[in-house]
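A.B. asks: Attaching a predicted model along with its sequence, questions to come.
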Amino acid sequence: MTFSNTLVSVAVGAVAVVLVLGLVNMLRGGSANTSQRLMRLRVVLQFLAIICIVVVLWWRNG
């Protein structure tokens with residue numbers, strides 16, 4: 001597995017972990033502040049994951 005594959009896998013995995021944490025918090029009736037913080041973190045991680053994917057695709061085709 002190359003570095004680029006690992007980078008994309010870690011980025012997507014981080015998004016998935018935060019998504020699951022948010023769902024668990026919501027299903028348990030957790031704090032609304034925690035839900036908001038997790039949602040903001042998920043959006044930032046999704047942005048970074050998309051950037052990683054685009055850079056990897058550009059690097060492989062360049």
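C.D. replies: In hand now; what should we look at?

A.B. asks: The top helix by length along the chain: which residues count as buried?
C.D. replies: The residue-count maximum for a helix in the chain (DSSP state H) belongs to helix 32-61. Within helix 32-61, the residues scored as buried using 16 or more other C-beta atoms under 10 Å are Leu38, Leu41, Arg42, Leu45, Gln46, Ala49, Cys52, Val56. Every C-beta, even on glycine, is put in place using the N, C-alpha and C of the backbone.

A.B. asks: List the contacts of Arg60.
C.D. replies: Ser4 (C-beta atoms under 8 Å, 6 or more residues apart in numbering).

A.B. asks: Thr34 and Asn25 touch, don't they?
C.D. replies: Yes. Contact status for Thr34 versus Asn25: in contact at 5.3 Å, counting by C-beta atoms under 8 Å.

A.B. asks: Tell me the pLDDT of the residue nearest to Leu41 when sequence neighbours are not counted.
C.D. replies: Excluding the flanking residues, the one nearest Leu41 by C-beta to C-beta, 6 or more residues apart in numbering is Val18, at 5.3 Å. Predicted confidence (pLDDT) for Val18: 97.

A.B. asks: where's Val18, which helix or strand?
C.D. replies: Here Val18 is covered by helix 3-27, with elements defined by DSSP states H and E.

A.B. asks: From the contact counts, what lies against that helix?
C.D. replies: helix 32-61 (3 or more C-beta pairs under 8 Å, 6 or more residues apart in numbering; DSSP states H and E).

A.B. asks: as a whole number, average confidence for the helix it packs on?
C.D. replies: Mean predicted lDDT for helix 32-61 stands at 94.

A.B. asks: quick one: it to helix 3-27, angle?
C.D. replies: 160 degrees (axes from the mean of the first three to the mean of the last three C-alpha atoms, to 10 degrees).

A.B. asks: quick one: helix 32-61 to chain centroid distance?
C.D. replies: 5 Å (C-alpha atoms, centre = their mean, to the nearest Å).
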